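Asker: need coordinates for the following:
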Amino acid sequence: MKINHRQALRFKWMLMGSLFVTLAVTSPVALAQVRPTPEITRQTETLKKIAQLEILTKILPIALDKKQLEALLPAIEKGRQKRQEIIQKDAEELAKVEKEVEEALKKAIKEERIPPGEFQTKIAKVTNALGVRRAIALDEIVANLVTFCKSSWNEGQVKAAVGSFDPRLFDPKMGWDKLGTDDKLAYYVRTVMLDDLTYDVLKQLLRSKNSGG
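Answerer: Take a look at the predicted model:
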């Protein structure tokens with residue numbers, strides 16, 4: 001069964017909803033509009049820690065040992081590098097239409113007129129192509145991590161991973177019970193292991209184990 005991207009992302013962002021303020025405050029656009037006072041900075045850090053704790057509720061049940069953590073970090077980093085490559089390709093593609101977009105924006109504001117349909121279609125094709133490429137890359141990254149987890153974790157750990165959350169709490173219609181273990185593990189990898197904060201949390205866990213807790 002193919003994992004639905006929208007369902008996975010919906011669950012992820014609802015799960016990590018507490019980071020909304022963090023992302024809003026730290027994004028370039030928001031920073032231009034919001035003055036990061038000491039109180040807001042502390043709030044941002046607190047929200048980040050809350051999100052990290054949420055991630056830990058999905059990771060600690062697996063009971064990864066030191067060797068497993070040492071092997072998992074490079075596997076995730078490989079996926080992160082692949083994502084970076086895709087983002088770089090996206091930037092190169094967008095650079096090709098950058099001037100056209102800038103001119104269209106200036107003209108639309110000055111003349112108060114919507115850009116021609118041909119131009120809108122062209123930009124839609126570009127952005128759709130970026131989305132398709134990212135989706136394909138994400139599928140590949142997830143598949144590789146699923147293979148890694150199945151070969152590195154025992155049956156009990158895989159069961160603990162897929163049992164650490166129930167997406168039906170957020171999407172009762174998704175048919176979680178109908179998914180096989182591999183699909184559930186793919187969902188777990190996509191929404192937990194590939195979260196931007198997870199890599200740092202895993203590094204902290206490894207440092208703790210290296211220092212004796």
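
Asker: what is the lengthiest helix in the chain packed up against?
Answerer: If each helix of the chain is counted by residues according to DSSP state H, the longest one is helix 117-152. Counting contacts by 3 or more CB pairs under 8 Å, 6 or more residues apart in numbering; DSSP states H and E, helix 117-152 is packed against helix 66-95, helix 98-111, helix 155-162, helix 181-188. Where you see a C-beta, it was placed from the backbone N, CA and C, and this is true even at glycine.

Asker: for that helix, buried residues please.
Answerer: 119, 123, 126, 130, 134, 137-138, 141-142, 145-146, 148-149 (16 or more other CB atoms under 10 Å).

Asker: got the angle for it vs helix 181-188?
Answerer: Angle between the axes of helix 117-152 and helix 181-188 is 120 degrees (criterion: axes from the mean of the first three to the mean of the last three CA atoms, to 10 degrees).

Asker: report the rounded mean pLDDT for helix 117-152.
Answerer: Averaging pLDDT along helix 117-152 gives 94.

Asker: and the average pLDDT for stretch 199-213 is what?
Answerer: 90.

Asker: looking at the protein, which residue ends up farthest from its center?
Answerer: E111 (39.0 Å; CA atoms, centre = their mean).

Asker: and that one, how close does it get to V162?
Answerer: Distance of E111 to V162, given as CB to CB, to the nearest Å: 55 Å.

Asker: with E118 instead?
Answerer: 48 Å.

Asker: quick one on the thing from earlier: turn the buried residues of helix 117-152 into JSON lines, including distance to V192.
Answerer: Converted to JSON lines, the buried residues of helix 117-152 look like this (distance: CB to CB, whole Å):
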{"residue": "F119", "distance to V192": "40"}
{"residue": "I123", "distance to V192": "34"}
{"residue": "V126", "distance to V192": "31"}
{"residue": "L130", "distance to V192": "25"}
{"residue": "R134", "distance to V192": "19"}
{"residue": "A137", "distance to V192": "18"}
{"residue": "L138", "distance to V192": "14"}
{"residue": "I141", "distance to V192": "14"}
{"residue": "V142", "distance to V192": "11"}
{"residue": "L145", "distance to V192": "11"}
{"residue": "V146", "distance to V192": "12"}
{"residue": "F148", "distance to V192": "14"}
{"residue": "C149", "distance to V192": "11"}
